[in-house]
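Student: Dropping the sequence and predicted coords here.
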Amino acid sequence: MKVSSVKVIGAKLPFTLIEVHSDTGLIGIGGCEAPLSATRAILENPPWRLAEIVRGQNPADIGAIWARLVQAIEWQGGLALNAAGALDMALWDLIGKMHGLPLYKVFGGEVQSKIMVYASGTAFDLSNYRPGAEPPHKSPEQLAGEARECVRSGFRAVKFGWGDHFSPQDEERLAAIRQAIGPDTRLMIDFGCPAYFGAGVTPKSAARIASLLEKFNVYFLEEPLPPHDAEGHAKLTRQSRTLIASGEMLCHDYEFDRFLDLGAVDVIQPDAYRIGISQMLRVARRANELGILCVPHSPWSALALAAHVNVLATVPNGIMTEFPAPSLFRDTRRHGEMVRINNQQIVSNALQPEDGFISLPRLPGLGVGQFNAEAIARIEDLAAEGFER
């Protein structure tokens with residue numbers, strides 16, 4: 001089998017979807033979060049022309065192809081690595097389809113029969129959001145209601161985007177969430193961007209937050225420091241009894257290795273929608289060897305979810321992955337509809353949670369079939385209208 005062509009899907013998508021066609025008629029699908037216009041340029045235009053690298057290649061030579069892609073982008077991260085990762089994802093999907101096997105079988109077989117998903121929501125009230133201004137937090141009653149809805153929907157773990165908000169009033173919000181979900185449901189808090197760029201954010205300040213969160217039995221604190229500060233994370237992790245999680249902004253193996261080798265986090269969070277599957281698989285396996293949990297980032301795509309489920313199925317440290325909370329599916333008409341399409345309709349066989357878990361796919365490759373042209377067209381319509389909340 002040889003790759004015959006690479007096709008970038010759509011013209012106005014706010015993210016990237018690609019197909020890798022083979023000379024046998026099989027098609028692999030992949031994607032990344034980078035804007036389509038940027039990815040298309042990286043795939044098709046000088047100086048990178050990444051699509052040219054894979055044309056004529058046997059998808060089974062995925063390791064050699066990935067090495068050539070990384071060399072071609074000169075070890076850059078960001079958009080260039082996103083584009084390489086989209087190709088990598090599509091090539092892996094093609095490999096699975098070539099063998100007639102889901103990817104977790106190609107990777108060596110499953111050690112888990114299903115993967116827990118956690119509901120990922122936000123504590124910010126975005127109903128009247130205006131660019132440039134931080135939105136207010138939802139009330140304790142709103143947060144408790146959304147958390148309770150997650151549990152009723154079958155989720156056994158919930159996370160809220162939180163920012164740097166830990167006043168006594170914010171503690172009331174945390175208490176309301178914990179009371180709503182009960183003692184046995186995992187609760188995670190995402191400090192995250194842009195809070196970690198704030199003045200006075202240090203390992204010591206993060207340690208104080210982690211200590212405060214103990215009273216609410218928070219399972220992990222996500223991105224409490226700037227995302228490339230491995231040494232700062234290592235200091236924090238050594239001090240904190242709350243698990244520390246990070247990794248969504250890391251790109252290359254040497255970046256992940258620094259975090260892993262330093263024991264800088266308790267939970268590593270690679271994102272296949274940013275770095276592809278080859279890198280994701282390597283990170284999950286290395287983390288497992290070092291006793292570090294792997295909980296991938298990205299609740300925004302059926303492709304990312306499928307990639308994460310296939311990888312996590314093969315490692316015992318892959319304890320759960322991210323999925324949008326029910327509230328995000330109704331988060332204003334345009335944004336809520338985009339979340340629904342991206343997670344439920346953009347492919348022909350999207351994986352969906354049942355009682356808080358995703359069953360392993362039976363279809364070959366990623367296990368989600370092919371792209372749904374009508375769903376993609378609808379996203380392009382939404383993009384043309386604009387995504388203002």
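Tutor: Received it, and whenever you're ready, just let me know what you need.

Student: List the residues that contact the residue nearest to Gln239 when sequence neighbours are not counted.
Tutor: Using Cβ to Cβ, 6 or more residues apart in numbering and skipping the chain neighbours, the partner closest in space to Gln239 is Ala207 (4.7 Å). All C-beta spots, glycine's among them, are computed from the backbone N, C-alpha and C. Residues in contact with Ala207 (Cβ atoms under 8 Å, 6 or more residues apart in numbering) are Leu236, Gln239, Ser240.

Student: what's near enough to touch the last one?
Tutor: Meaning Ser240. Contacts of Ser240 (Cβ under 8 Å, 6+ apart): Ala206, Ala207, Ala210, Ser211, Leu221.

Student: out of these, which are buried?
Tutor: Buried by 16 or more other Cβ atoms under 10 Å: Ala206, Ala207, Ala210, Leu221, out of the contacts of Ser240.

Student: These into TSV, with extra columns for distance to Gln344, pLDDT and secondary structure?
Tutor: Conversion of the buried ones among the contacts of Ser240 to TSV gives the following (distance: Cβ to Cβ, whole Å; pLDDT from 0 to 100; DSSP: H, G, I helix; E, B strand; the rest coil):
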residue	distance to Gln344	pLDDT	secondary structure
Ala206	36	98	helix
Ala207	40	98	helix
Ala210	35	98	helix
Leu221	30	98	strand
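
Student: would JSON lines of those with distance to Met116 be doable?
Tutor: JSON lines is the format used below for the buried ones among the contacts of Ser240 (distance: Cβ to Cβ, whole Å):
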{"residue": "Ala206", "distance to Met116": "26"}
{"residue": "Ala207", "distance to Met116": "28"}
{"residue": "Ala210", "distance to Met116": "23"}
{"residue": "Leu221", "distance to Met116": "19"}
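
Student: which two in those are spaced the farthest apart?
Tutor: Using Cβ to Cβ, the two most remote members of the buried ones among the contacts of Ser240 are Ala207 and Leu221, lying 10.0 Å apart.

Student: related to what we said a few turns ago, how much space between the residue nearest to Gln239 and Met280?
Tutor: Distance, Ala207 to Met280, using Cβ to Cβ, to the nearest Å: 30 Å.

Student: Show me what counts as buried in stretch 326-346.
Tutor: For stretch 326-346, by 16+ other Cβ under 10 Å, it's 327-328, 331, 334-346.

Student: Kindly report the same for stretch 358-374.
Tutor: Neighbour counts over stretch 358-374 (16+ other Cβ under 10 Å) mark Ile358, Leu360, Pro361, Leu363, Pro364, Gly365, Leu366, Gly367, Val368, Gly369, Phe371, Asn372 as buried.

Student: ends of that stretch, how far apart?
Tutor: Chord length of stretch 358-374, first to last residue, is 25 Å (Cα to Cα, to the nearest Å).

Student: for stretch 198-206, same thing?
Tutor: End-to-end distance of stretch 198-206 (Cα to Cα): 12 Å.

Student: cool, and stretch 358-368?
Tutor: Taking Cα to Cα, the first and last residues of stretch 358-368 lie 13 Å apart.

Student: average model confidence for that stretch?
Tutor: What stretch 358-368 shows for mean pLDDT is 98.

Student: roughly how far out does that stretch sit from the chain middle?
Tutor: Its chain's C-alpha centre and that of stretch 358-368 lie 17 Å apart, by Cα atoms, centre = their mean, to the nearest Å.

Student: contacting residues for the residue lying closest to Lys159 once chain neighbours are set aside?
Tutor: Spatial nearest neighbour of Lys159, chain neighbours left out: Met188 (3.8 Å); criterion: Cβ to Cβ, 6+ apart. Contacts were defined as Cβ under 8 Å, 6+ apart; by that measure Met188 touches Tyr118, Ala157, Val158, Lys159, Phe160, Val218, Tyr219, Phe220, Leu221, Glu222, Ala245.

Student: Touching the longest strand anywhere in the chain from outside, list them.
Tutor: Criterion DSSP state E: the longest strand present in the chain is strand 114-122. For strand 114-122, the external contacting residues (Cβ under 8 Å, 6+ apart) are 146, 150, 153, 155-161, 186, 188, 299, 305, 308-309, 312-313, 318-328, 353, 356-360.

Student: Partner strands of that strand, with direction?
Tutor: Partner strands and pairing direction for strand 114-122 (DSSP bridges) are strand 157-161 (parallel), strand 320-324 (parallel), strand 357-359 (antiparallel).

Student: lowest average confidence, helix or strand, in this protein?
Tutor: When the helices and strands of the chain are scored by mean pLDDT, DSSP states H and E, helix 333-340 comes last with a mean of 86.

Student: Which parts of the protein are strands?
Tutor: 3-8, 16-22, 27-32, 114-122, 157-161, 186-190, 218-222, 243-246, 267-268, 293-294, 320-324, 357-359.

Student: Out of those, which one sits most buried?
Tutor: Among the strands of the chain, the stretch with the highest mean neighbour count (mean count of other Cβ atoms under 10 Å) is strand 27-32, at a mean of 27.
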